[in-house]
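Chemist: Structure for the following, please:
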Amino acid sequence: MRARIADLAEEAGIRTVHMLAWRDLDDDEAGGSEIHAHNITSIWVQSGLEVTHRTSASVGRPAIDSRSGYRVIRRGSRYSVFPVQRLPRRSTGTAAPMHSSRSGTGCPSDHRCGAAAPA
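Modeler: Residues are numbered from 1 along each chain as shown. Okay, the predicted model is just below:
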């Protein structure tokens, strides 16, 4: 399987992979999805890919670390780790406003996530 992944990556010209997740395997609340992400990432590394796993900061964990041959970068909150993108335009022709990445939510201001709308 690893050889096939390596062949597919080479055919596609893929040498590096960046994975985004809100937690990583060392997080105190890590569970099944973090184990799955680690397993997949480890397979990619064993297939010859350079992998960076970007995740939220975790108390007591270094901001930059390595595990099983891949790099782990821990910065931001559970939500600000993901790129913020504006929602499609509404029928009024205006884009839906988003929380700033500093708020850590990235939710539209009319979403009922409990976060304050941007000023």
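
Chemist: Count the residues that sit near M19.
Modeler: With neighbours defined by other CB atoms under 10 Å, the count for M19 comes to 17. C-beta here means a position set from N, CA and C on the backbone, and glycine is covered the same way.

Chemist: what helix or strand does it sit in?
Modeler: Assessed by DSSP states H and E, M19 sits inside strand 16-20.

Chemist: what does P62 give?
Modeler: Take DSSP H and E as the rule and P62 turns out to sit in neither a helix nor a strand.

Chemist: Likewise for A57?
Modeler: Here A57 is assigned to no helix or strand, by DSSP H and E.

Chemist: Residue ranges of each domain in this structure, please.
Modeler: Using automatic domain parsing, the domain ranges for the chain come out as 2-74, 83-119.

Chemist: Where among those is average confidence lowest?
Modeler: Mean pLDDT values for those show the minimum at domain 83-119, a mean of 52.

Chemist: follow-up on the earlier one: so what does the strand holding M19 touch, helix or strand wise?
Modeler: helix 32-46, strand 50-55 (3 or more CB pairs under 8 Å, 6 or more residues apart in numbering; DSSP states H and E).

Chemist: The closest residue to A37 other than its chain neighbours: how many residues sit nearby?
Modeler: For A37, ignoring the flanking residues on the chain, the nearest one in space by CB to CB, 6 or more residues apart in numbering is A21 at 5.4 Å. Neighbourhood size, A21 [other CB under 10 Å]: 21.

Chemist: and the gap between A21 and A12?
Modeler: Distance from A21 to A12, counting by CB to CB, to the nearest Å: 22 Å.

Chemist: quick revisit: tell me the buried residues in the strand holding M19?
Modeler: Buried residues in strand 16-20, counting neighbours by 16 or more other CB atoms under 10 Å, are found at V17, M19.

Chemist: any idea how far that strand is from the chain center?
Modeler: Distance of strand 16-20 from the chain centroid (CA atoms, centre = their mean, to the nearest Å) equals 8 Å.

Chemist: what inclination does that strand have with respect to helix 32-46?
Modeler: Using axes from the mean of the first three to the mean of the last three CA atoms, to 10 degrees, the direction of strand 16-20 lies 170 degrees away from that of helix 32-46.
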